[in-house]
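Peer 1: next comes the sequence, and after it the predicted model I'd like to discuss.
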Amino acid sequence: MSYQLEVIRYRDTLLVTEVSRFVPGVTPLTLEVKGENFANAERVFINEVQCPEFMIIDKKTLYAQLPENVHSIAQIEVVSSKFSRSEGSSKISFEVGDKTRKVSGLLKLVQLFAKWLLQSPGSDIFDPSRGGGLQEIVGQVMTGKDMQPVYASLTRSVSMTVNQIRAAQSNQPTLPLDERLLRAELLDLQVFEEQMEARARIRVESLAGSSALAALQL
């Protein structure tokens with residue numbers, strides 16, 4: 001089995017069902033958050049700002065310290081330490097991490113797909129044609145009324161990346177099936193006008209039959 005250094009982190013986002021209250025008698029301000037299963041919670045974000053501290057009280061409850069300069073709560077996200085492919089969505093971040101980590105199998109394939117999808121053609125002097133060009137879409141003027149041009153651009157980027165990876169992997173006969181790309185599909189594109197962003201969900205499937213759901217924020 002081959003390994004690769006993890007530079008793109010994919011982690012499950014855990015379902016939050018309720019933000020019940022501020023925990024009484026605790027300073028600084030700390031929220032009580034309810035969910036289905038927080039056993040593997042690794043990080044908590046409030047309004048996309050990472051909480052300085054959090055504590056898992058039980059499987060369905062955690063306490064999360066309110067970050068500085070966050071005065072109202074618009075969004076809470078709990079990220080798992082695992083990539084199980086069974087959750088409804090995933091969170092992507094770009095980092096080597098606090099500790100060096102190696103990835104293989106489907107997670108390695110998803111990381112490869114994300115890197116090539118985001119890469120702009122011409123940025124690699126050794127292979128100028130490589131890249132799905134997704135970064136070029138980021139920053140486009142987008143409205144909820146007409147997302148068809150953006151959807152078409154995303155679909156084209158996904159298709160280009162699939163073709164490029166398949167071509168590259170055709171010259172790697174010993175590559176494991178769970179690291180070999182079968183297909184990738186853009187499932188949907190949601191617009192959040194207040195946050196001025198769009199979120200795309202892409203399903204990546206290997207030749208071994210395993211698949212993962214990748215969520216990207218634009």
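Peer 2: Great, that's in hand.
Peer 1: list the buried residues of stretch 29-47.
Peer 2: Within stretch 29-47, the residues that count as buried by 16 or more other C-beta atoms under 10 Å are 30, 31, 32, 33, 35, 38, 41, 43, 44, 45, 46, 47. Glycine gets a C-beta too; all of them are placed from N, C-alpha and C.
Peer 1: please tell me how far the residue nearest to the first one when sequence neighbours are not counted sits from residue 16.
Peer 2: The spatially closest residue to residue 30, leaving aside those adjacent along the chain, is residue 23, at 4.5 Å (C-beta to C-beta, 6 or more residues apart in numbering). Counting by C-beta to C-beta, to the nearest Å, the separation of residue 23 from residue 16 is 16 Å.
Peer 1: try residue 52
Peer 2: Using C-beta to C-beta, one obtains 19 Å as the distance from residue 52 to residue 16.
Peer 1: residue 48 too?
Peer 2: To residue 16, residue 48 is 14 Å away according to C-beta to C-beta.
Peer 1: in which helix or strand does residue 204 reside?
Peer 2: Using DSSP states H and E, residue 204 falls within strand 197-206.
Peer 1: pull out the buried residues from that strand.
Peer 2: Buried, per 16+ other C-beta under 10 Å, within strand 197-206: 198, 200, 201, 202, 204, 205, 206.
Peer 1: ok so, going back, more neighbours: residue 52 and residue 16, which one.
Peer 2: Applying other C-beta atoms under 10 Å to residue 52 and residue 16 shows that residue 16 carries more neighbours, namely 17 against 12.
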